[in-house]
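Student: Predicted model, plus sequence, below.
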Amino acid sequence: MDSMQPYDAIVFPADDRPPHLVALMTSALAAPVNNAAHPFRANRMPHPEMYMDYIAEGLGHRAWHFHVVAALDQMNQGLPTPFIIFYPIVSRDGMPFPVNKCIREIQGSRYNEARAWRGNIVIAKYRDPEFSTMMDTSMADFPIVKNYLSTHPAP
């Protein structure tokens, strides 16, 4: 097994750039983790910090959090291929991350400054609801992700 394995993910930059695909690198965990949190169930460590501007360096996964998107509002069943949203929490200089302009625009009148998505947001996808393996995200997933972000503030 390769030590680094990429999966396509969507990045929502905080600045004026449009969302785009990037290669989200993952590395093998040194040892399997029992009862692991969602991003680690596939026995791989994702590295979304590579695409997060101003994030604290050297903290690895402690500099970001994640939020699972397993269903959309009004759905009777969960998504067969759930998403995971990675967002930065520790900046280099201790200052808050900038409000994500793209997501702010998507939210329109539902935008709430106090619960705004901040910094560059990285969104990846899993092959199944058990989060056993990541898979490539494509821009065809953009409408689902946009739908979710339009109605959900940051955690």
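Tutor: Now that the structure is in, tell me what you want to look at.
Student: could you pull out the helices for the chain?
Tutor: Ranges of helices in the chain, per DSSP state H, are 101-107, 142-151.
Student: per-residue pLDDT, residue 34?
Tutor: With respect to pLDDT, residue 34 scores 62.
Student: Same question for residue 55.
Tutor: For residue 55, the model assigns a pLDDT of 96.
Student: ok, it touching residue 93?
Tutor: No: with contact defined as Cβ atoms under 8 Å, residue 55 does not count as touching residue 93 (10.7 Å). (Each C-beta comes from the backbone N, C-alpha and C, glycine too.)
Student: more neighbours, these two?
Tutor: residue 55 (20 against 6; other Cβ atoms under 10 Å).
Student: residues in contact with the more buried one?
Tutor: Residues in contact with residue 55 (Cβ atoms under 8 Å, 6 or more residues apart in numbering) are 49, 63-64, 88, 90-92, 119.
Student: Need the residues that contact the lowest-mean-pLDDT helix or strand in the chain.
Tutor: Within the chain, no helix or strand scores below strand 44-46, which has a mean of 87 by mean pLDDT, DSSP states H and E. With Cβ under 8 Å, 6+ apart as the test, strand 44-46 has contacts from 5, 24-29, 39, 60-61, 86, 124, 134.
Student: What is the nearest of the residues you listed to residue 142?
Tutor: Nearest to residue 142 among the contacts of strand 44-46: residue 124, at 13.5 Å, using Cβ to Cβ.
Student: Quick check: that closest one vs residue 85, distance?
Tutor: 8 Å (Cβ to Cβ, to the nearest Å).
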